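Peer 1: Take this sequence and fold it.
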Amino acid sequence: MTSWTTIVPPGALAAALGQPGLVLVDCRHALADADAGERAWRQSHLPGAGHAHLDRDLSDHRKPRSLGRHPLPDADDFNRTLARLGVTPQSQVVAYDAGDGSMAAARFWWLLRLMGHGRVAVLDGGVAAWQALGLPMEATAPVIVPGHYAGAFDPARIASTDDVAARLREPPGWLLDARAPERFRGEVEPLDPVAGHIPGALNRPLSANLQDGRMRSPEDLRAGFLALIGHRRPEEVVLSCGSGVTACHNLLAMAHAGLDGARLYAGSWSGWVSDPARPVARGD
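Peer 2: Residues are numbered from 1 along each chain as shown. As a prediction, this is how the structure comes out:
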């Protein structure tokens with residue numbers, strides 16, 4: 001039986017198709033068109049894959065904007081999503097999106113890990129890598145036997161705004177921001193009302209985790225993260241982005257590098273700037 005916990009290569013997943021307990025979850029999403037991912041899934045998907053929607057299943061937009069643009073779902077709601085997708089506590093789950101896993105397969109991976117589920121991984125390179133190898137896709141609606149899940153999120157793995165605010169005077173290396181460098185520096189801001197970053201944050205753009213659309217080796221990832229966090233233990237590190245979605249790619253990369261245990265600032269930049277009184281930094 002497989003036991004993938006971070007990244008699974010397309011060939012290895014293809015060889016495991018049909019294995020009992022294997023559950024595939026299509027997480028394709030586009031910020032510019034919130035329903036594009038679901039339409040793409042309906043047109044064709046990996047064999048047997050159900051679909052999880054970033055806005056409806058992996059976020060809860062009923063919550064206040066102070067919690068960011070993609071507030072975390074409640075555990076009961078996520079349990080229902082898992083049941084619909086056929087996930088049980090014994091499942092080997094593989095999430096994928098269109099390409100590198102950042103939108104929003106890594107988010108799904110992290111939410112399931114937040115419930116203590118170890119056997120969950122992200123397809124390396126997503127649909128793009130899968131199709132490049134000529135691996136099978138299907139257009140028929142999957143027949144999914146509902147599962148059962150009754151998990152609870154571990155609050156110790158989530159950093160609040162108060163947690164972040166209390167650490168602003170610490171030397172850099174405890175807070176890593178996954179946004180693109182130009183957004184981190186405050187040169188552009190296409191999504192949030194204020195440009196810049198949380199004071200003391202260092203930039204670790206998710207693109208640094210990738211080479212040709214695939215995850216870098218654990219050794220390369222480890223060296224890159226250690227250069228930023230220094231001698232800190234992973235549990236002392238907080239990861240953020242614009243809304244708590246792409247930061248999960250850094251969480252995945254750190255776990256793949258053997259640096260598991262960092263916390264997510266779920267509200268991230270969009271939650272931070274919801275209060276204009278909070279300090280903002282710009283530049284490098």
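
Peer 1: Output the below-cut-off pLDDT ranges for the stretch 151-284 of the chain.
Peer 2: Within the stretch 151-284 of the chain, no stretch has pLDDT under 70.

Peer 1: How are the helices of it distributed by residue range?
Peer 2: 161-165, 181-184, 218-229, 247-256, 268-272 (DSSP state H, counting those that start in this stretch).

Peer 1: what's the spatially closest residue to Pro9 that is not a sequence neighbour sitting at in phi/psi?
Peer 2: Nearest residue to Pro9, sequence neighbours excluded (Cβ to Cβ, 6 or more residues apart in numbering): Asp124, at 5.3 Å. Any C-beta I mention is one placed from the backbone N, CA and C, and that applies to glycine too. Backbone torsions for Asp124, taken as degrees, to the nearest 10, come to phi -70, psi 120.

Peer 1: How about the one 5 residues further on?
Peer 2: For Ala129, the backbone dihedrals (degrees, to the nearest 10) come out as phi -70, psi -40.

Peer 1: now do Val120
Peer 2: phi -140, psi 140.

Peer 1: Does it touch Trp109 like I think?
Peer 2: Yes. Between Val120 and Trp109 there is a contact under Cβ atoms under 8 Å: 5.4 Å.

Peer 1: Pull up the overlap in contacts between those two.
Peer 2: Ala95 (Cβ atoms under 8 Å, 6 or more residues apart in numbering).

Peer 1: neighbour count winner among these two?
Peer 2: More crowded of Val120 and Trp109, by other Cβ atoms under 10 Å: Trp109, with 28 against 23.

Peer 1: so the more buried one makes contact with Ala121?
Peer 2: Yes. Using Cβ under 8 Å, Trp109 makes contact with Ala121 at a distance of 7.0 Å.

Peer 1: Please report how far Arg62 lies from His29.
Peer 2: Plainly put, Arg62 is 19 Å away from His29 if you go by Cβ to Cβ, to the nearest Å.

Peer 1: just to revisit the earlier point, got a list of what the residue nearest to Pro9 touches?
Peer 2: When contacts are counted by Cβ under 8 Å, 6+ apart, Asp124 touches 7-10, 101, 214-215.

Peer 1: Out of these, flag the one nearest to Ala281.
Peer 2: Gly101 (28.4 Å; Cβ to Cβ).

Peer 1: And the nearest residue to Ala180 once chain neighbours are set aside, how far from Ala253?
Peer 2: The shortest distance from Ala180 to any non-neighbouring residue, by Cβ to Cβ, 6+ apart, is to Pro205 (5.5 Å). Counting by Cβ to Cβ, the gap from Pro205 to Ala253 is 11 Å.

Peer 1: same thing with Glu235?
Peer 2: Noted for Glu235: a distance of 16 Å to Ala253, by Cβ to Cβ.

Peer 1: same thing with Thr140?
Peer 2: Between Thr140 and Ala253 the computed distance is 34 Å (Cβ to Cβ).

Peer 1: Looking at the two, which is more packed in?
Peer 2: Ranked by neighbour count (other Cβ under 10 Å), Thr140 and Ala253 place Ala253 first, with 29 against 9.

Peer 1: ok, the residue nearest to that one when sequence neighbours are not counted to Ser3 distance?
Peer 2: Nearest non-adjacent residue to Ala253, counting by Cβ to Cβ, 6+ apart: Asn209, 4.1 Å away. To Ser3, Asn209 is 22 Å away according to Cβ to Cβ.

Peer 1: Check Arg42 too.
Peer 2: 31 Å.

Peer 1: And these two? Which one has more around it.
Peer 2: Taking neighbours as other Cβ under 10 Å, Arg42 and Ser3 compare with Arg42 leading, 13 against 8.
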